[in-house]
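Participant: Next one to model:
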Amino acid sequence: MVLSLQRSGSFLMGITLAVGIRVAVAQYPVLYPNGNPRPQTDQRFPVDEPQQVPDRKNQPSIDMVRVKHDADELAKLASQLPSAVEQAEKGVVSKDLSDRLKRIEKLSKQLRRELYQ
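Facilitator: This is a model prediction of the structure:
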């Protein structure tokens, strides 16, 4: 019986000590080495935000004839690249290869801008 009271007394003392420590810790903020309390940070990330769909009513409509023409020109220029690269491997570089590559880049940027305004 005495042993049982000692065990329950030490158990209660342990519980009281644990609760007391928890309360004491909760009263004081965690300090960083510079002495400032932990900064409150926003836990949201950009991927958590719903993606904003642009309102197409206020934007000008897409000129599909121009987009189709640019896409056809881009395809034509892109189809010419493999033969130009083969020639470059043989040591013969076309004078207009750089201009074609720049035009491909310009057309791709225009198409992206037109389609995803």
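Participant: where does Ile62 land in three-state SS?
Facilitator: Assigned state for Ile62: coil (three-state reduction, DSSP: H, G, I helix; E, B strand; the rest coil).
Participant: what's the distance between the closest residue to it other than its chain neighbours and Val65?
Facilitator: Leaving out its chain neighbours, the residue that sits closest to Ile62 by CB to CB, 6 or more residues apart in numbering is Glu114, at 5.8 Å. Yep, even glycine has a C-beta here, placed from its N, CA and C like the rest. Distance, Glu114 to Val65, by CB to CB, to the nearest Å: 11 Å.
Participant: Please identify which of the two sits among more neighbours.
Facilitator: Between Glu114 and Val65, counting by other CB atoms under 10 Å, Glu114 is the more crowded of the two (15 against 8).
Participant: mind checking how far the residue nearest to Ile62 is from Phe11?
Facilitator: Here Glu114 is placed at a distance of 75 Å from Phe11 (CB to CB).
Participant: Val65 now?
Facilitator: Per CB to CB, Val65 is found 84 Å from Phe11.
Participant: Tell me the pLDDT of Gly91.
Facilitator: At Gly91, the model reports a pLDDT of 88.
Participant: For it, give me phi and psi.
Facilitator: Main-chain torsions, Gly91, degrees, to the nearest 10: phi 100, psi 0.
Participant: same check, this time on Ser94
Facilitator: According to degrees, to the nearest 10, Ser94 has phi -70, psi 140.
Participant: show me what contacts it?
Facilitator: Applying CB atoms under 8 Å, 6 or more residues apart in numbering to Ser94 gives the contacts 84, 87-88, 100.
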